[in-house]
Structures are given as C-alpha cells and as structure tokens.
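[1] generate a structure from the sequence data that follows.
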Amino acid sequence: MKHNIEISALLCLALLQLAVAIPVSQDEPGQPNNAINGEKKKITLHIQLSAEGMDPLPTGSTIELKGDEESCKTNVQQTQHVELGEATFSDLPVCKVKLWIFITGFDTKTVPADLAKYKDPIRIVVKSNGPPVVN
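    Below is the predicted model:
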C-alpha cells in the first residue's frame, strides 16, 4: 500500500513537471496580438455618442457596424440602439469597420474605425453640418 502511494505521488510530480514545461507560443516581434491559439481575437467595442444641440439623443437613435470584408475575413454586421448616449458591440474581430450613425434630425453619418487601434471607448460627436468628431 505504501508503495502505491509513493508511485502515485511520483507520477503526479512527473505530470506536473511536464505540464509546467509545455512550451507556449509567443507572438512574433512586430506582429499584432490578434490571434489566440490560431483563432482571431475578439473584442467588445464601446461607443459614447452625442449630437450637437441635442441632449439627450432622440429615442430610436441607432448605430450600424459593418466590417471591411478584406480585413475582417468574415461578414461582420451588427446594429445597436443608442441608450443614454452609449452603444456596445460584442464579439467583434480585430479589423477595419465602418459605423453608420442614425439620429433623428441629422443626416446619416459614417465613421471609419480600425479596431486594431481601438481605445476604450470611442467618443463620437455628431454635428449638424460636417463630419462627426471622433476622440
């Protein structure tokens, strides 16, 4: 019985040592960290939206996100309602996208965004004339 316990303990120690010694792949220098175990990294995009002269935004304001087919490598398209001046898009690949902003009383505005350079949150101010301001 004593030998079985010693053998079990030695096997556990050997397996633990093997598990610790398994090499983990490192990102290549100069390459973006957008892949985990061969899968594209997914992010959550937070947007804070305001409109010049409107506080709060009209009910029914929405943002539609469409991914660039070439950089996203898949069909990326989501629509979110803007609530309390904010919208969140989940499970997005790190790629280039275009945001279509729909606010009652304003022309449709578009904002390009490269999610590889994304800083949380994206703040967008929609102007009645001219392009939106992105901070």
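[2] quick one, longest strand in the chain?
    strand 42-51 (DSSP state E).
[3] and that strand, what does it pack onto?
    strand 62-67, strand 86-93, strand 122-126 (3 or more Cβ pairs under 8 Å, 6 or more residues apart in numbering; DSSP states H and E). Where C-beta positions appear, they are placed from N, C-alpha and C, glycine not excepted.
[4] now the element after the helix or strand residue 100 falls within, going C-ward?
    Here residue 100 sits within strand 96-102, counting by DSSP states H and E. From strand 96-102 onward toward the C-terminus, using DSSP H and E, the following helix or strand is strand 109-114.
[5] can you point out the buried residues in that next one?
    109, 111, 113 (16 or more other Cβ atoms under 10 Å).
[6] can you pull up the most central residue in this protein?
    residue 43 (2.3 Å; Cα atoms, centre = their mean).
[7] quick check: beta-bridge partners of that one?
    residue 92 (DSSP bridges).
[8] related to what we said a few turns ago, the longest strand of the chain relative to strand 109-114, how many degrees between them?
    150 degrees (axes from the mean of the first three to the mean of the last three Cα atoms, to 10 degrees).
[9] between strand 96-102 and strand 42-51, find me the angle.
    Using the same axes, to 10 degrees: strand 42-51 against strand 96-102 is 30 degrees.
[10] what residues does strand 42-51 touch?
    57, 61, 63, 65, 82, 85-94, 99, 101, 103, 105-106, 113, 115, 118, 120-128 (Cβ atoms under 8 Å, 6 or more residues apart in numbering).
[11] which SSE is residue 71 in?
    Counting by DSSP H and E, residue 71 is part of helix 69-72.
[12] how about the CA coordinates for stretch 90-100, as CSV?
    The C-alpha coordinates for stretch 90-100 follow below in CSV (Å, rounded to 0.1, in the frame of the first residue of the first chain):
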residue,chain,number,x,y,z
SER,A,90,-19.7,42.5,-28.7
ASP,A,91,-17.7,39.6,-30.2
LEU,A,92,-16.0,41.6,-33.0
PRO,A,93,-12.9,40.5,-34.8
VAL,A,94,-10.0,43.0,-34.8
CYS,A,95,-10.4,44.5,-38.2
LYS,A,96,-11.5,47.7,-40.0
VAL,A,97,-15.2,48.7,-39.7
LYS,A,98,-17.5,51.5,-40.7
LEU,A,99,-20.0,52.9,-38.3
TRP,A,100,-23.3,54.2,-39.7
